[in-house]
Structure formats: structure tokens, C-alpha cells
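Trainee: Can you look at this prediction? I've put the sequence above it.
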Amino acid sequence: MTAASTPKFDEMLHEDGTVRAAYSEFRNWYDAQDKSWLRRQDAEAEHFFRRIGITFNVYGEADAEERLIPFDMIPRIITAKEWRKLTKGIEQRVRAINAFLQDLYHRQEIVRSGRLPISALRNNDAFLSQMIGFTPPGGVYTHIVGIDLVRTGEDDFMVLEDNARTPSGVSYMLENRETMMAMFPELFTQIPVRQVSDYPRRLARSLRACAPPAYDAAAGKRPVVAVLTPGIYNSAYFEHAFLADQMGAELVEGNDLRIINGRVAMRTTTGYKAIDVIYRRVDDDFLDPLTFNPESALGVAGIMDVYRAGGVTIANAPGTGIADDKAIYSYMPEIVEFYTGEKPILQNVPTWRCSESDALAYVLDNLKDLVVKEVHGSGGYGMLIGPTSSKRELSDFEAKLRARPENYIAQPTLSLSTVPIFTKEGLAPRHVDLRPFVLVSPEGIDITPGGLTRVALKKGSLVVNSSQGGGTKDSWVLED
Amino acid sequence: MLGRAANGVYWMARYLERAENTARLLDVGFHLALTSASKDSQYDEWRSVLTTAGLVDEYIEKYGEDFAGPQVFNYVLRDKDNPGSVLCMMENARTNARVVRTSITNSVWEAINEGWLTIKDLLARPVRETGLREALMAIRRTNMLVRGAFENSMLRNEVYNFARIGTFIERADNTARILDVKYYVLLPSTAWVGSNLDNQQWDTLLRSVAGNRAFSWLNAHTMEPREIARFLILDGQFPRSLVFCYEKIRSNMAGLAKEYGGETAAHELLRDTGAALHQTTIEDIFEQGLHEYLQLVISKTIDIGNAIAADYRFTE
């Protein structure tokens, strides 16, 4: 299954060039628009983003300039029927992930049953021994999940990656919609698109439903929620501020917090005030210098003790990263079946685990046709895309693979579906993926209709990551 | 609200005010240079701008005694080595606004962010004499927009109070320093009092606090130093006088006391200083010595700022 061997699935057009039902109303509107006006709107969109400060910082760049993620104004459209199937699959998968985490940090039945080798946990930094035997408030491990999906055909959506630790990008989902509504209001009066704007309210409700034992419901106050950010130099700071603002929660940094009387408290102008639920956007390793990295000032000294004593809820729970580890990913079909007793509704992308010698041999023989990823990498760093790499790059990567095979997985270069983008010459197809956002609480699983569509802007490119020059577009789920 | 957020809005307001004051000083320097008789006197004018802005030592360290206009105003406007440059202060204001993004309205944030982008763009390359007015206008306009957005969109709560306290502490400090520098530093010796140079400097001083029109409405055609000092210190109608600034600090501190249900040590300190200011006359001040008096006001203002930061837990 390589890019060359199968035709690409065009989400807007049938093979004969006629417009698919999902896009028909949009396409009618588009065809009726004055193209020079559209070009002006396109330029206006960038100004709009710059002005409201929707920017991100790129790590490792000298001047740490704030960049915009390019925005494409052609929506990605999903029918109600497609969405129903997707949400069933996502819900099943997220339920399985939480059950899997509960099991891994307790009896490890899945290992005992032989469905997951112990080697997948051993020496895996994402598995935190500090969490063994502890159950988070409400039994929820991953409160906010982003499931990355790719499409290869009419009915073929596959999971490319599970983001169970700190998925980002939800602010783009919301701002992309705001931008579209500001630029093209008539589209939304003509076409029934499901709303995404109540995500922050749902997030706040979901987080409050996970209050820790120390929260005093009898006092009649809502649980106090805060978003913990590493600060303004973090690449996703805008998103942290945006979510705190929209939820009416405090945006805190490590140096605002301190442990007082067994609670995590924030320094306010009138003294310290206890926090019930922390939506943390700092990594596990930086959460508590007493438990993890002692050099870090981003978290709170002693928060893990408070957590284990029931004084605070941490979302997502430390140690959830083991569930989205790329080495674990290859076992997800087994994991889903093990915990739900059902066949997985959403398929995985076929994956070779290079730690297994047969798989490694195959990967080495077919390197030029494969995508090879570092097990612990993210953001599109440390990966090889076989078909677009030079001989030199291939042989360099081969050496790395032979040296540490357990550090890599490989996947075929899928023929990802395309969605049109707006170019000076008109519409042109580009590859996309989709990250729907999922909220988990004891009250249930809540999936916002839509998500973040990332799009490769270069012709033929399969790389959609914003850190690698990809863009985003609004994602529409249609009403029936 | 978080102590760190209170610190952020307070400094956002201070940096904006300071950037605007610095821009106004440059405007005055430019005006003087255009109307001066010789190159030497132009050098003197630009040097006095640096002195008033408190940047003269750093400037000389970098450029020596060469006070060529474009070199001076570029140093004050956009030099990255100069933390007191308008560009650095606008960036500080904007960084603080990012820190307190969740405490300010979208209107305020967008006014600051958009203004900063414009100013950064205008100051991306050295400014020439033909472009100076435009750059200075952009700085003033940004501050007007931010202030307008603030007045029109913010809740009248603690966030508003902390920002206003920042504005007026900065402004009181600025007015006191400008007056002090004029009186104590600029004039070569007391023998010059009442001379043309002296009068011209008083006029400059009034311009630099945007008070020349207001002063002449109140005091037709005189340039009597004592009247100017009275105007800048004690005239409650003038929005940059010390009395005016202190009244605003007082009312916003009262807002905090009301919201929080109690006063702090900073209130006590402010009451003492404020009372002294309201009960004094210009005769008393000159008797005590203007310089001594202004130095006292400056140090009291700093003390009040520090007390506020401590009482409301700006930092750990």
C-alpha cells in the first residue's frame, strides 16, 4: 500500500470529476463567488490571525519569532453519517485507552494474558512507576484526548496516532470556525454545520465533574479549575491562555503555586487559594521536581503527594503517555478488543515494530517505500519518509535503525485523502488528516463535532505538522 | 486575581505610559532642533532630551559626545541595547499583556498587539528625520487606542484598579523627574534664571508633558517658573500634575480596599504622602527647596509602588 500503487481519495470530487454530496452546497457557493474577492479575503485572514495574536513559537529557532499557522479557507466537510461512524469508533477507542491505563497501573491483566509483552513497558519512560496502584479521581486517566485520523477511501478512516497526554490544537479548531464565520457568514446560514463553539464550556464541565475527594461539594461552590502553563515562551501558550479565558479558569504557572495544608494553592492578591482541578499543559517530567526532574521550575514541588492523597485532580493524569506511545500503538487493535470485548471500529495503520527481527528485516528491505518514526518522537521530528528521501538520507537512517531498532516503528506511505485548498490558480487537492477532540469524565465521553484538520500545503507532500510547514482549515460536520 | 496577573497589568500600564512619555520627549527634542539657531545648539537640545529621559550616561558610553539628531532619536526609539528605548518598552508592555491575556478584554489585547506590530514595523529600520513624526504619531495613537479600549471595555474591578495605579505611579514619577531635571540639571547656573534660555527650557518642559496649551489657558502669556511649578505639582485640573496623579492612585487604591474588604500598609503610606501633597503650597515647596521636595516625592512614589507589590503579592 504505497503512494504509487493506489489512487488517492479526493474528498470533494468523484473520479469522474463530479462533486460529492458532502461538498455540493459549498461548491455551488464557491463557484458563484468573485475570485478576486476571495483572494482579498484570503489575505485578510492572515491579518486577522496576526492581529488577534494566534501564533505559535518554533522551538530551536534563534529569534523565537512568533509564527502563524497558515490558514486555508476551504472547509473540510464530513457528512453526518460519516461522523456517526467515526464517533462510535473514537468512543470505543477512548474507553479502551482508559481501561488500559487503569489496568497497566494495577493488575496488568493484559500482560498476564500474553496480549501485550512486558517488554513494551520495560524501559519505557512514559510508564511512571509513581502511578502504580493509584487510581485518579473518578477513575479517569486521560480527560482530554485527540485522536489523529487519516482517510484512504470512501469508508476508510484509520487512526494514525492517539494523543492521550496533552493534545493541542483545539484553539485552532475554534478560531478557524470564528474566522470562517466572520469572513463568510452567508455560508453558515445556507449550510447546516454543527457548532464547535461550546467546547470550552464542555471542557470546564467535564473537568469540574472530576473534582478530587478533597473538594467540598457541601460548601456549595463549584470546583476551582486552573490551567497550568509553562508560560509565554511555550509554543502553545496562546492556546493555554485562550482555553483558560474561555472557561473562566485561572491561567497559572508553577511559580504561582504552592502546597498549603495538603492542597495545591495559587497566589492571589488576597492570599493563597486552593485549586481542585488542574488542567496541566506541562509534561509529566516537569510536573513535580520532588518526584520527577529536579531541575524543573515549571511545576509544583510536592504536587504528586497531594495528588495521591486526593487533594487535587491532575488532567491528564501523569503516566497517561504510555497509552499514546508509538510502540504501544501497534497493539491498539488487541487493546481495544481486550477491554471492550468488541472488534475495533476504527482500524490502525499497518505498523511494523522494528524491535521484532522479521519486521526489521522487512523494513530494511523496503525503506524507500516506508515512513519510519521514532517511538518517542512527536511533531514530525526524527522521522523518515522513504519515497521523498535521498539515497544518502536512506543510508543514514538505515544505520540508525540497525543501531537501535527498538526505537522505531515503520508504516506504509498511505495514499492519504485530499481536500482542496485555495490557491492563486483556484482549488487544488492536498493531503489532510483530522484530529477530533474528546472529553472524558465520570459522566461520559463527549466528542466535539469536527476537530482540527491539518493540511499539507506543498503539492504532493504528506507532512501536515505545523512545525513542518503544514496549515489548518475549518472542519465541518454537517447536520442530517 | 493572581498576584502575577496583578503585577502584569500594573507593568503593562507602566510601560505603555513610559513609552508614550518618552515619545513625547522626542517630539519636543525634534521641535527644538528644528527651531534652533545652530548645529551646536541642536546638539544641546538632543543632549537635554537624553538627560531628561535618564539615558545620557548610557548614550555617551556608546557614542561619546556626538549628539547628532538621528543618532540620538534612533537610540531612544529603537536601540536594542537600550532597555529604555520605546521599542523595548512597547515590547515589554506587549509581553505583559500576553501574560495577563486572560485578565484583559479582547479589545485591549488587540489594541496593544496591533499597535506593537505597527510600531515594530515602523522601527524595523533606522528612522530618518522625514519618518520621525510618523513613528511618534503611531506610538501616541497606539496608546490612545489602548487607553480608549481599556476605558470602554474593562470591568471596573481590581484589574482596572491595578492598571490605573500603574499608569499614575508612572506618570507621577515622570512629571516629578522632568521638573527636577529642568530645575536642577539643565540650567548651567542660577545666574541664567529668567534668561531666554531659561524661558525656552520652561516652554520645552511644558510641551514635554503636553501642558503648554493648558498652562497658557490658565496663565495668559507668563512663563513664571513658580507658576509653572505650581501648575505641574498642585493643579488638580491638569491630568499630569502630581496632585492629579495622586488623586487617581488614591481612588483606585480605595477601589481595591472596597473590593477586598480592607486596607493594607500601602494605603497608609499613600495617605501620608497624599495628605502632604494636598496641604502644601508652592511657597512651602520653594522654601523647602524644589529639588529636595521632588526627590522626596519620587522616593515616596517608589515606596508606594513597592508596598503595593508586596501587599498584593505581585511576586513570591
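Mentor: Structure received.

Trainee: Any idea how many residues pack against the nearest residue to B:Leu256 once chain neighbours are set aside?
Mentor: Leaving aside its chain neighbours, B:Leu256 sits nearest to B:Asn161 (5.1 Å; criterion: Cβ to Cβ, 6 or more residues apart in numbering or on different chains). Quick note: C-beta positions are derived from backbone N, CA and C, even for glycine. With neighbours defined by other Cβ atoms under 10 Å in any protein chain shown, the count for B:Asn161 comes to 24.

Trainee: Surely B:Asn161 and B:Tyr260 touch.
Mentor: No: applying Cβ atoms under 8 Å, one finds B:Asn161 not in contact with B:Tyr260, separated by 10.0 Å.

Trainee: Return the list of helices and strands in contact with the strand or helix carrying A:His240.
Mentor: When elements are assigned from DSSP states H and E, A:His240 belongs to helix A:237-247. Contact here means 3 or more Cβ pairs under 8 Å, 6 or more residues apart in numbering or on different chains; DSSP states H and E; on that basis helix A:237-247 packs against helix A:170-183, helix A:199-208, strand A:225-228, strand A:250-252.

Trainee: Any idea which of the ones you listed gets closest to chain B?
Mentor: Relative to chain B, the nearest member of these by Cβ to the nearest Cβ is strand A:250-252, separated by 4.8 Å.

Trainee: how about the residues of chain B near chain A?
Mentor: Residues of chain B lying near chain A by Cβ under 8 Å from any Cβ of the partner chain: B:1-4, B:6, B:95, B:98-99, B:101-102, B:106, B:109-110, B:113-114, B:117, B:158, B:260, B:312-313, B:316.

Trainee: Show the low-confidence segments of the chain, by residue range.
Mentor: All of this refers to chain A. In the predicted model, chain A carries pLDDT under 70 at residues A:1-7, A:55-65, A:377-381, A:466-467.

Trainee: Actually, chain B is the one I wanted.
Mentor: By pLDDT under 70, the weakly predicted segments of chain B are B:184-197.

Trainee: what residue of it is the furthest out?
Mentor: For chain B, the residue at maximal distance from the C-alpha centroid (Cα atoms, centre = their mean) is B:Gly261, at 31.3 Å.

Trainee: gap between it and A:Leu360?
Mentor: Using Cβ to Cβ, to the nearest Å, we find B:Gly261 at a distance of 69 Å from A:Leu360.

Trainee: which residues touch stretch A:330-344?
Mentor: Contacts of stretch A:330-344 with the rest of the structure, by Cβ atoms under 8 Å, 6 or more residues apart in numbering or on different chains, involve A:89, A:92-93, A:95-97, A:99-100, A:103, A:110, A:113, A:115-116, A:120, A:159, A:162, A:328, A:347-348, A:351, A:353, A:409.

Trainee: who in the stretch 1-150 of chain A is up against chain B?
Mentor: Within the stretch 1-150 of chain A, the residues that sit near chain B (Cβ under 8 Å from any Cβ) are A:50-53.

Trainee: same thing but 6 Å
Mentor: A:51, A:53 (Cβ under 6 Å from any Cβ of the partner chain).

Trainee: Mind listing what's buried along the helix or strand hosting A:Glu161?
Mentor: Secondary-structure assignment from DSSP H and E places A:Glu161 in strand A:156-163. Of the residues in strand A:156-163, those scored as buried under the neighbour-count criterion (16 or more other Cβ atoms under 10 Å in any protein chain shown) are A:157-163.
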